[in-house]
Structure formats: structure tokens, C-alpha cells
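**Q** sequence-free structure coming up:
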């Protein structure tokens, strides 16, 4: 079974780790001497709209959270960054007066950004760089292929009004420095109009048996991925059922500031509102038991209620299993027009 | 008294730290509320031919050795790099397969290269970046101005023959990876023909009361600095006496592979041969007592013999004092034609 998933950062990463736990070890090779890893059973299309250049280094927060989580080196407590991290280098940068100082980068994590920047500087496309980085963490051996949504530069900016009229800032500045406390008027994905899906993205959607939308931010993660030209159409056209997991439980995001993002779209933070954003492509939708009767739900969408909180890896694996069960029930689907 | 010195790495840095020890604290400001540091009493023109881009980061080994040594944060044992260093980030780079792996970079030191690269990427010239970096380590408060010899890119390459004909490699690869064990046929300062002295370099030579040549490598440090167009002429034209300290004692370099460098010029590793390289601009020359009768010495050069080994800071300060004594004896000099 070929699974393709769209994903943001922490929530998506934990769900997909649960999915791998649910699937169990890869079957491995018929021929153990074959240096090629087994074909991917899971293709993850990661959001790159959060990417930012800090200290001249290219940082891809969502791809790295996915890579570190699936690779088993994530800082479990905070959900992002490397376990066993230190902060000697950035303390030096601060002492030199380098800017900005509101984004924390650990020493181990910085190595990822240094080597990524080196390889990008040598002319490798982001998808190739991502594959090289992921190889170190064994993702191919897990049957996982991690793709950026696009090789073209896309940066999500946020328009706010702090009293002096509209001001646009990088998404990370709004999210990390301002903690999304200043109301967003709108989000602008700079570069999106000229962007193309990364190699393999459209094929992974077209050829999938199942497409999953993990509980990631529906506006600045999944929403940005869906904005890549051609991607939304591919999701409507595929014969794979598209099944999602609500990132909102009982009127509040499980993690992060999805409520502040939905507010910029004049939408409430409800499982129903998020489903509405996917109405044209969604077939199945998992909501929390607390939201079982909290529709309305889009036409053609099968809704199932079950506990959504991923309190541990077991819970995440069970949730992933339930998502796959619903997908199997709905497969194959009739492509949407 | 205005002192201008040309300098490479470890030997030059230790000599100049001794010079500052000899000079004692700066007089300080007439007006302590003046935020400007006192005017520089020592201008150091550092070699940048050793500079190299590693992992996409710009590394300036000689400037950094000078900065860390004078700033009091050098690793005393090895003579370069930061005290209290760790190597977490580069271990990660190696694990990712990043190249090259023969050049050691500590975590604290890497921060210097990251912020330097960031500022260079923002369009600041190397001289401005160097000033910003040096400010953190208090060099202005010590009355020290650290200048790169040029803001233009110059890289010393080494031509060797490992059996398949001439092969050019970056100086650092020959020095660090090969430990200068493969005979150098010649050195090529790539970019030198189009280079100009950095802002302030020619003025610092013209306006100096004393010009010093510390015991740095005469070929790949001092020799490369002297190759910057206009610099050698400025040293001949200044009315300041030019006094040097031999980096060779009793037929061997005090440190490093100056003998291998001199061999590429068909010169023996002697204090006499090094003085010959400076014959057109040198006024005073300090040699070790072991070399007191080991001329010939160039015409017009006053030679003094004394212990040259800088076993500790006290010895370095005494050597610097002796160098200044000789300079005072020879000042003012008649410009060379």
C-alpha cells in the first residue's frame, strides 16, 4: 500500500511516526546485498512555507521536525529540534550582535542548516538536499520518502496591523517572536504564483492508495501546501481516498496557534471549519469524540469520531490505524471534478 | 607612537600580544564619557591568503588567530582556535557526509565564521566585518586596529607534483591535510593581480613611526601580504624604520613548515635567507643568538642577536621590547628608492 501524506511540523510528525509504528517494520529486501533501500511505502510532502534564512543559513523547520521525529532524534519535550541539544554556537552569535536573536537554534540542529546551505549553495535543488539529509536519519530504510512541497522558494508572510497600518513580516517572526498574539489580517505565500510542485509530488498523489492529511495547521501548513499550483487539482483527481484528522479538538487547536490562523480567514476554531477548508477534496474526516455532533460537515465526507489526542506513541499509532481503516473503507474513491 | 605590523598567524599573534604586554595599558580617554575607543596605537595588517570557504562559511585563520590571541580567548596549547572549545557541530557535519573533513572547526570558532559569512553576504566588506568581529574581543580598547591586507579575494594555492604532473590545491589543503609533506613547486596567490590594499593599509604604513615584521612565515604570510599591489612600495617609501624578527632559528622554523615554503623558492631555512626576502625594505633584523654569525646580511640592515624563542608571555614581551629598541635606534629612516 502506497501512502502519501501532507504534513506540517510537530502534529504531522507525531502522527506519521504513529503511522510507521502501526505499519511495523519494512518487509526489507529480497536481496540484502542490494544497496538500494526498499521502495517508499510512505511519501511525505512537507510544508516549506515556514522556511527562513537565519544568519545566512537556510532553515526548514517543518522538514526538519519531520526528519528528526521519524529518525528518532527529536527533542520529545518541545516537539522540535534535536534531543541532547546545546546552544554554544548561538550564544556566540548573540555575543557578536548577530541578528535575529528570537529564533533558537541548537548546535546539533545548526549543523543541519550549515550542510543544507552548503549543498544548496553548490546548486543542488531542495528536494535533493532533503533526500541527502533524510538518508542520514534512516528514512529510506523506514520506507519513507520526504519531499519538500516545492523546489521553488516560497515564504509565508503575515500581514498585521500594530497601529501604523499594514505590516508584513515573515511567518516565523509572527509565530515565534510575537507568539501569534498580534492578530493576523492575512497570510501571503510569497513566491507561490511562480512555484511548481517538487519532482515526485504530483506522482505521489496520483499513484497513492491512500492520501492522509495529518493533524497539521490547516492554514499555514496544509493550507500552504494546497496552494502549490497543481497540487489541489491532483488531490481532487486522484483515485485514492483523502482522509484527514482534525487538528482542532473541542474548539481549540491541539497545539500551536491554529485558532489565530483561522481567525485571519474569519473562521472559528472548529473541526467543522477545518473540514470546510478541505471540502473539495476530502473523503474521510476524523474528529474527536467531543466534536462528534459538532457539524455541519461537507457533503460527501464520511466523519468518524474517536479520541484524537496523541498522548504517547501508542495513541498516535492507534489514531493512524483508525485513519487507515477509514481510508480502506472509502477506497477507491471517485475522483472529484 | 604609532606602530604598524604585518602578521600571519600564531607566531605573529604571540609576538604582538607580547608587544601589547610591553606597552602596558592604554592611556585611556581624556573624556571617559566619549564612546569612541582611543585611537589605535597598533595597526595589524593580517594575511588573508590563507582564507578558505569551508561548508559554505568564510574562514580567515590568520585574522582569527590574531583576534583570539590579542582578545585573550585563544587556545594556548595549540596556538589557534578558541579556548574551551567543543566539536559537536562539525561531528554532525561529518555524519552528514559534508566535505571537507580534514579541517577542524570548533563550535565557538564556527560562530565566528557563521556571523562573518552572514555579514559578508549582506555586502559588508571584509575590513568592516573584521572590525565588527574584533570589537567583540575588545581590540579597540587595547588600542589595536586589525585590518585584512585586502578586501579583495586572494587565495594562496600551492602547486605540487604527486607524480601525475602539476596539481594546484588550496594552501590549507597542503598545510593542514598534507602537513606540507609533499614538496611545493610554487605558490600562486590567486586574485592578487586584481587586488588592492584594504582601506587604511597604505596610510598605516605611511604614517607609522615604526613598522614591524613579526616572526611569521616569510613566504605564505608576510610574503603574501607584501604581494598586495602597492604594499611593498609603501614599505620602501615610509619614513618609519622597518624592523623584523627572524622566524627561523638555527636552521629551522620556530613553528610550522616555513622550511618547506622556502624550499619552493630554492632558499635554505636560514635567518639570512629570510632577511634576503626583505632586503629592499628592511632596516633592522633580530636573529637568534645561535645565528649571530650566520650571515651574510643585506646591505643597510642592522642585525641584532638575542634569544628569539617566546617560551612565555614575558619572553614575548621582552622580544617585542628589544624590537622596538632597535626601531627607535634606526628612526627616522631614509625612504628606500
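**A** Sure, I can see it. Note that the structure is predicted; figures quoted are calculated from it, not measured.
**Q** what sits against residue A:108?
**A** A:82, A:84-86, B:88-89, B:92 (C-beta atoms under 8 Å, 6 or more residues apart in numbering or on different chains). Backbone N, C-alpha and C define where each C-beta goes, glycine included.
**Q** the closest residue to chain B within the stretch 101-250 of chain A and residue B:57: what is the separation?
**A** Using C-beta to the nearest C-beta, the single residue of the stretch 101-250 of chain A nearest to chain B is residue A:111, 3.2 Å away. With distances taken as C-beta to C-beta, to the nearest Å, residue A:111 is found 12 Å from residue B:57.
**Q** before we move on, back to that, and the residue of the stretch 101-250 of chain A closest to chain B, what pLDDT?
**A** pLDDT, residue A:111: 98.
**Q** right, and it touches residue B:93 too?
**A** Yes. Assessed by C-beta atoms under 8 Å, residue A:111 is found in contact with residue B:93 at 5.3 Å.
**Q** give the rounded mean pLDDT of stretch A:116-129.
**A** The model assigns stretch A:116-129 a mean pLDDT of 98.
**Q** and that stretch, anywhere near chain B?
**A** Yes. Counting by C-beta under 8 Å from any C-beta of the partner chain, chain B has neighbours in stretch A:116-129: A:117-118, A:121.
**Q** contact partners for the nearest residue to residue A:137 once chain neighbours are set aside?
**A** Leaving out its chain neighbours, the residue that sits closest to residue A:137 by C-beta to C-beta, 6 or more residues apart in numbering or on different chains is residue A:71, at 2.8 Å. Contacts for residue A:71 (C-beta under 8 Å, 6+ apart) come out as A:134, A:136-139.
**Q** select only the buried ones of the residues you listed in ChimeraX?
**A** Buried members of the contacts of residue A:71, defined by 16 or more other C-beta atoms under 10 Å in any protein chain shown, are picked up in ChimeraX with:
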select /A:134,136,137,139
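**Q** quick one: name the residues of the stretch 51-200 of chain A near chain B.
**A** A:55-57, A:86, A:88-90, A:92-93, A:95-98, A:107-108, A:110-112, A:114-115, A:117-118, A:121, A:132-133, A:136.
**Q** parallel or antiparallel, list what pairs with the helix or strand of chain A with the lowest mean pLDDT.
**A** Across the helices and strands of chain A, mean pLDDT, DSSP states H and E gives its lowest value to strand A:252-253, namely a mean of 90. Using DSSP bridges, strand A:252-253 pairs in its sheet with strand A:248-249 (antiparallel).
**Q** what's the mean pLDDT across the strand it pairs with?
**A** Here the average pLDDT along strand A:248-249 is 96.
**Q** please apply the same query to stretch A:168-182.
**A** Rounded mean pLDDT across stretch A:168-182 is 94.
**Q** what comes up buried for it?
**A** Here stretch A:168-182 shows A:169-178, A:180, A:182 as buried, counting by 16+ other C-beta under 10 Å.
**Q** which of the residues you listed fall in strands?
**A** A:169-170 (DSSP state E).
**Q** turn the buried residues of stretch A:168-182 into TSV, columns for distance to residue A:285.
**A** What follows is the buried residues of stretch A:168-182, written out as TSV (distance: C-beta to C-beta, whole Å):
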residue	distance to residue A:285
A:169	33
A:170	31
A:171	26
A:172	29
A:173	32
A:174	28
A:175	26
A:176	30
A:177	34
A:178	31
A:180	25
A:182	31
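**Q** pLDDT score for residue A:304?
**A** 97.
**Q** and it, how close does it get to residue A:11?
**A** 18 Å.
**Q** tell me where chain A has strands.
**A** Under DSSP E, chain A gives strands at A:3-7, A:42-46, A:52-54, A:57-59, A:144-148, A:155-161, A:166-170, A:184-190, A:210-213, A:242-245, A:248-249, A:252-253, A:284-287, A:302-305.
**Q** worst mean pLDDT among those strands?
**A** strand A:252-253 (a mean of 90).
**Q** out of residue A:304 and residue A:11, which sits in the more crowded spot?
**A** Neighbours of residue A:304 and residue A:11, each counted by other C-beta atoms under 10 Å in any protein chain shown, are more numerous for residue A:11; the result is 25 against 15.
**Q** residue contacts, the more buried one?
**A** A:214-217, A:247, A:254-256, A:310.
**Q** make it 6 Å
**A** Residues in contact with residue A:11 (C-beta atoms under 6 Å, 6 or more residues apart in numbering or on different chains) are A:215-216, A:247, A:255.
**Q** same thing with residue A:47?
**A** Neighbours of residue A:47 in contact, by C-beta under 6 Å, 6+ apart: A:8, A:62, A:221, A:224-225.
**Q** nice, that's everything, thank you.
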